[in-house]
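> A predicted structure for the sequence below; I have some questions about it.
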Amino acid sequence: MTSGFQNIGRVPELQRRILFTFGMLAVYRLGAHIATPGIDPQVIKSFFDQMAGSVFGLFNLFSGGALEQLSIFALGIMPYISASIIFQLLTIVIPSLEQLQKEGEQGRRKITQWTRYATVVIALFQSTLLAIALEHGQFGEGAVAVPGWGFRLMVALTLTTGTAFIMWLGEQITERGIGNGISLVIFAGIIVRLPSALGTLWEQVRTDQFTVLGAIILLAFVVAFMGFVVLCERAQRRIPIQHARRVVGRKVMQGGMSYFPLRLNTAGVIPPIFASSILMFPMTITQFVDSPTISNFFSDYLHYGSVLYNGIYVALIIFFAFFYTAIVINPTDVADNIKRSGAYIPGIRPGKRTAEYIDRILGRLTLIGAIYVSVVCVMPVLLANQAGVPFYFGGTALLIVVGVALDTIGQIEAHLVSRQYEGFVKGTRLRGRLGR
């Protein structure tokens, strides 16, 4: 891998793609610091300092800290993610959407276009509610300079336009840069928080609030934990598929062995995101409800990091892992595709038996993967509450960072391999011509 990255400078196209990606991410981070007109950023920031364990903290994480400053990118890319998940679920419920998705590139483009429209609608709805909440002092008194419909319209248009621009930015990175643009936008928003976290740790060590040995052990544990996440994210179960020899016209297509890979964590970060949203939403509602009974219940039994909270959190992660995996992979469709291609799994009869075999393996993998994701998401909570860690690194954020980094590295390596292959082919052709 190291020798491969040393060859990046020898591939001008790859250099341009990487520089373009960094340039677009720089534009995104610049916009995250431009405050929305008509609000007091200090009032908003003080509110979010008190709401770190609520659903607002989760949204602020995916916006890269733009929400706590109420910048023009305050909504971040969450409306696009919500719209994408909604359309993924609708493809199962609505047969016409499922058929459109199977039509190939043209069908996927149509669904992508509808996803963009839905993103704008969701962003407009969320920004309007946010403007109304700002006017009513839900984010602190004095946050709005001049309330009224003019302020609401300005905030709605500004934040919706910001989300649309981020969506366009991500698509440009995907098309003209390197890596998945939407994922890299979220990745950049999380990574920028690392220097402040390390600065907090250094300040506590300097003021003797945290020992030097404890800091070294903590950093070593974080590195080892990230290595564990990398190992699990790359882990997969490869199901062998035997292709029979076929005769196509006058050509004889030789058979061979290939593999159908099943990832350990097929659902990715969707289960912890859904689980966090469901758990944090009632806790956030209590901030706006003047009911001592409800507030006391959540503060006593379901507060962030409690045993009951972690237990429900793990149960929700396991549930959504199975739910989302069932959406992404249909064993019956996989078995039908294998059968139509004239292939089979050694020792397993084609058709129904193959579908049952894949479903059994997928169920075991999903359970192990869900337990792994639960450990990753609960461990930072235990470290923060029990070990007194001075900074918090979320399990969801860690999964996103590792997943996006691995995907981007894989695309860079694919570009390098493709370049080497093209050079090899050109060299072979040149030697052939010289030989003639």
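Perfect, I can see it now.
> Could you check how far M78 is from F151?
Note on M78: its distance to F151, by C-beta to C-beta, to the nearest Å, is 22 Å. C-betas here are computed from N, CA, C, even on glycine.
> And for T408?
Counting by C-beta to C-beta - T408 and F151 are separated by 40 Å.
> same question, A32
A32 is 21 Å from F151, where distance means C-beta to C-beta.
> can I assume G162 is in contact with I77?
No. With the criterion set as C-beta atoms under 8 Å, G162 and I77 do not qualify as a contacting pair; they are 10.2 Å apart.
> which sections of the stretch 201-350 of the chain are below the confidence cut-off?
245-255, 281-291, 294-295, 298-301, 303-305 (pLDDT under 70).
> Just the helices from it, written as ranges.
For the stretch 201-350 of the chain, helices defined by DSSP state H, counting those that start in this stretch occupy the ranges 212-234, 270-285, 292-301, 307-328, 331-340.
> which stretches of the protein form strands?
236-243, 246-248, 251-253, 256-263, 343-344 (DSSP state E).
> Of all these, which one comes closest to P12?
Smallest distance to P12 across these (C-beta to C-beta): 32.7 Å, for strand 256-263.
> by contact count, what packs against that closest one?
Applying 3 or more C-beta pairs under 8 Å, 6 or more residues apart in numbering; DSSP states H and E, we find strand 256-263 packed against strand 236-243, helix 352-386.
> want to throw those into TSV with mean neighbour count and distance to I182?
Shown next, in TSV, are the helices and strands packed on strand 256-263 (neighbours: other C-beta atoms under 10 Å; distance: least, C-beta to C-beta, whole Å):
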stretch	mean neighbour count	distance to I182
strand 236-243	15	23
helix 352-386	18	20
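> I'd guessed R29 sits against G65; true?
No. With the criterion set as C-beta under 8 Å, R29 and G65 do not qualify as a contacting pair; they are 9.6 Å apart.
> Give me the common contacts of the two.
Common contact partners of R29 and G65 (C-beta atoms under 8 Å, 6 or more residues apart in numbering): V192.
> For E171, which of the strands of the chain is the nearest?
Nearest to E171 among the strands of the chain is strand 256-263 (25.0 Å), distances taken as C-beta to C-beta.
> mind listing what's buried in the closest one?
Applying a neighbour-count criterion of 16 or more other C-beta atoms under 10 Å, the buried positions in strand 256-263 are 260, 262-263.
> could you dump those to JSON lines with distance to L25?
Output for the buried residues of strand 256-263, formatted as JSON lines (distance: C-beta to C-beta, whole Å):
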{"residue": "F260", "distance to L25": "35"}
{"residue": "L262", "distance to L25": "32"}
{"residue": "R263", "distance to L25": "27"}
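> Relative to L367, which of those residues is nearest.
Checking those against L367 by C-beta to C-beta gives L262 as the nearest, at 12.7 Å.
> List the beta-bridge partners for that closest one.
Partner residues in beta bridges with L262, using DSSP bridges, are R237.
> Could you find the closest non-adjacent residue to V229?
The shortest distance from V229 to any non-neighbouring residue, by C-beta to C-beta, 6 or more residues apart in numbering, is to V402 (4.9 Å).
> Would you agree the one you found is in contact with M226?
Yes. Assessed by C-beta under 8 Å, V402 is found in contact with M226 at 6.6 Å.
> Please identify which of those two sits among more neighbours.
Neighbour comparison, V402 and M226: the larger count goes to V402, with 22 against 15 (by other C-beta atoms under 10 Å).
> wait, what's in contact with the more buried one?
By C-beta under 8 Å, 6+ apart, the contact list for V402 reads 226, 229-230, 233.
> Pull out the buried residues from these.
Buried members of the contacts of V402, scored by 16+ other C-beta under 10 Å, are 229, 233.
> ok, the contacts of V402 vs I111, which is closest?
Here the nearest of those to I111, counting by C-beta to C-beta, is E233; it sits at 26.9 Å.
> hang on, isn't the closest one packed against G403?
Yes. Taking C-beta under 8 Å as the contact criterion, E233 and G403 are neighbours in contact, 5.9 Å apart.
> Identify the residues contacting V307.
For V307, no contacting residues are found, by C-beta under 8 Å, 6+ apart.
> quick one: it and L382, what's the gap?
When C-beta to C-beta is the yardstick, V307 and L382 sit 11 Å from each other.
> how about the strands of the chain, which one is nearest V11?
Across the strands of the chain (criterion: C-beta to C-beta), the nearest stretch is strand 256-263, sitting at 27.5 Å.
> Where does pLDDT dip in the stretch 51-200 of the chain?
Low-confidence segments of the stretch 51-200 of the chain (pLDDT under 70): 51-58, 61-62, 137-140, 142.
> let's go with 90 and repeat that
For the stretch 51-200 of the chain, applying pLDDT under 90 flags the ranges 51-113, 126-152, 155, 170-171, 174-200.
> quick one on the thing from earlier: out of the buried residues of strand 256-263, which one sits closest to V120?
Distance to V120 across those (C-beta to C-beta) is lowest for R263, with 32.2 Å.
> Isn't the closest one up against Q236?
Yes. Counting by C-beta under 8 Å, R263 does reach Q236; the two are 5.0 Å apart.
> hmm, back to that, what's the most buried one of the helices of the stretch 201-350 of the chain?
Comparing those by mean neighbour count (mean count of other C-beta atoms under 10 Å), helix 270-285 comes out on top with a mean of 19.
> if you count what's nearby, which of R29 and G65 comes out ahead?
Neighbour count, other C-beta under 10 Å: between R29 and G65, G65 has more, with 22 against 17.
> and the more buried one, what does it touch?
When contacts are counted by C-beta under 8 Å, 6+ apart, G65 is found next to 32, 189, 192-193.
> out of the residues you listed, which are buried?
So, of those, 32, 189, 193 end up buried under the neighbour-count rule (16+ other C-beta under 10 Å).
> Now render those as TSV, adding distance to P147.
Rendered in TSV, the data for the buried ones among the contacts of G65 read as follows (distance: C-beta to C-beta, whole Å):
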residue	distance to P147
A32	25
G189	29
R193	32
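> Specify which member of those residues is nearest to E103.
Within the buried ones among the contacts of G65, distances to E103 taken as C-beta to C-beta reach their minimum at G189, with 34.3 Å.
> Distance check, that closest one against T21.
Applying C-beta to C-beta, the value for G189 to T21 is 15 Å.
> try L75
As for L75, its distance to T21 is 22 Å (criterion: C-beta to C-beta).
> same check, this time on F210
Using C-beta to C-beta, one gets 36 Å for the distance from F210 to T21.
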